[in-house]
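*Asks:* Return a 3D structure for these sequence lines:
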Amino acid sequence: MATTQAPTPSLAHRGKKIRVIGTPLDLGASRRGVDMGPSAVRVAGLEARLEAIGHEVEDGGNIAVAIAEQKKEGNPRAKYLKEITATCTKEAELVLKTLEAGKVPVILGGDHSIAAGTVAGVAEFFRRRNERIGLVWIDAHADINTPETSPSGNVHGMPLAAILGMGPPELANIFSFSPKVAAENCVIVGVRDIDQTEKENVRRAGLEVFTMRDIDERGMRTVMEEALRIAGRDTAGYHISLDMDWIDPEDAPGVGTPVRGGATYREGHLAMEIIADHGRMTSFEVVEVNPVIDEHNQTANLAVELILSAFGKKIL
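*Replies:* Residues are numbered from 1 along each chain as shown. The predicted structure follows:
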């Protein structure tokens, strides 16, 4: 009688040791509320649901963050930059320690300015091993403004510029090196809302950018395969920075800056499933979940589902 042998799980889907880190920062945005994002994602069952698919999860708690009401915004071209840099520096150190402990950091934001800290920590870990990382920036926005080009002065529109060494210098020079990621290994996916003054920064940086039109015309699979090839070329792997406003507001209403015409629910899952299949993700962050304007924690629930797909959950 023939016996059916269970398939061997691929390396990409074997159980990982994960440390969840909350960075409840909302100083980078005008609209308040994303500081509650980490709590909302935890309430949606992140830890238990990751453990249910075979991972070992530890919650590292939240990084202490300054409260806007207790601080002065400072330079109107880069509001709360001092406080944001301090938070990102603490976060970078914790991300570095997490990787040194052999754990995968999963960062819960907060606004997208926290990415300057996350990527600094990941890049420093691999730099000490004479390796470099790639970056997949999945977002409705390019976030590559500088204090000179930003129409609002909100720092959550500047982290990618900091990561690429374009400024602001305080954020760019965490761990005293810059850029954190080479432009040829950095790719933006799903962008659909770029400030007029920011477009020149995108061109100057020389990034590969896949807009929502590219996804419409070429399909999510083709776009993600190419994005991961770019981020993975001659790197130790790549960090995934997921802004929930990448998903259409129909499925993710509770985000800091919603923009119509985003990725669908299924496109979001497909992108994460492809990341899991490749097995080269070094670290993951999800940002801009705003429970204040969400509906029944729908956006935080979806954030958890997308994290699960990125960490190997399959339909079958």
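*Asks:* and residue 102, how many neighbours?
*Replies:* The local packing of residue 102 (other Cβ atoms under 10 Å) involves 9 other residues. Heads up, the C-betas are built off the backbone N, CA and C, glycines and all.
*Asks:* helix/strand/coil for it?
*Replies:* Using DSSP: H, G, I helix; E, B strand; the rest coil, the secondary structure recorded for residue 102 is coil.
*Asks:* Just give the nearest non-adjacent residue to it, would you?
*Replies:* Nearest non-adjacent residue to residue 102, counting by Cβ to Cβ, 6 or more residues apart in numbering: residue 17, 6.2 Å away.
*Asks:* That neighbour: what's it in contact with?
*Replies:* Each residue near residue 17 by Cβ atoms under 8 Å, 6 or more residues apart in numbering is listed here: 55, 56, 58, 101, 102, 103, 104.
*Asks:* Repeat that for residue 153.
*Replies:* 75, 76, 77, 78, 79, 147.
*Asks:* Residue 240 - that's part of a strand, no?
*Replies:* Yes. Counting by three-state DSSP, residue 240 is located in a strand.
*Asks:* just checking, it touches residue 278?
*Replies:* No. Contact between residue 240 and residue 278 fails when scored by Cβ atoms under 8 Å: they sit 10.7 Å apart.
*Asks:* The two - which one has more neighbours?
*Replies:* When residue 240 and residue 278 are compared for neighbours, residue 240 comes out ahead with 26 against 16, by other Cβ under 10 Å.
*Asks:* where does the more buried one land on pLDDT?
*Replies:* Residue 240 is assigned a pLDDT of 98 by the prediction.
*Asks:* Checking residue 299 next. Helix, strand or coil?
*Replies:* The local conformation at residue 299, judged by three-state DSSP, is helix.
*Asks:* All further residue positions should be reported with the first residue as 877.
*Replies:* I'll keep to 877 as the first residue from here, and by that count the last item is residue 1175.
*Asks:* For it, which non-adjacent residue is closest in space?
*Replies:* Nearest residue to residue 1175, sequence neighbours excluded (Cβ to Cβ, 6+ apart): residue 1130, at 3.7 Å.
*Asks:* Wait, that neighbour touches residue 1172, no?
*Replies:* No. The pair residue 1130 / residue 1172 is not scored as a contact, 9.4 Å apart, by Cβ under 8 Å.
*Asks:* Look at these two and report which has more neighbours.
*Replies:* Set side by side, residue 1130 and residue 1172 show more neighbours around residue 1130, with 29 against 9, by other Cβ under 10 Å.
*Asks:* just to revisit the earlier point, only whichever of the contacts of residue 893 are buried, select them in ChimeraX.
*Replies:* The following ChimeraX line selects those of those that are buried, judged by 16 or more other Cβ atoms under 10 Å:
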select :931,979,980
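*Asks:* Determine which two of the contacts of residue 893 are furthest apart.
*Replies:* Taking Cβ to Cβ as the measure, the contacts of residue 893 span a maximum distance of 14.9 Å, between 931 and 977.
*Asks:* So what's the gap between the least confident helix or strand in the chain by mean pLDDT and the chain middle?
*Replies:* Within the chain, confidence by mean pLDDT, DSSP states H and E is lowest for helix 1072-1081 among all helices and strands, at a mean of 93. Helix 1072-1081 has its C-alpha centroid displaced from the chain centroid by 21 Å (Cα atoms, centre = their mean, to the nearest Å).
*Asks:* Ok, stretch 950-967 next?
*Replies:* Averaged C-alpha coordinates place stretch 950-967 at 18 Å from its chain's average position (Cα atoms, centre = their mean).
*Asks:* Flag every buried residue along it.
*Replies:* When burial is assessed from 16+ other Cβ under 10 Å, stretch 950-967 yields the following buried residues: 953-967.
*Asks:* any idea which of those is least confident?
*Replies:* Taken together, the buried residues of stretch 950-967 show their lowest pLDDT at residue 954, with 83.
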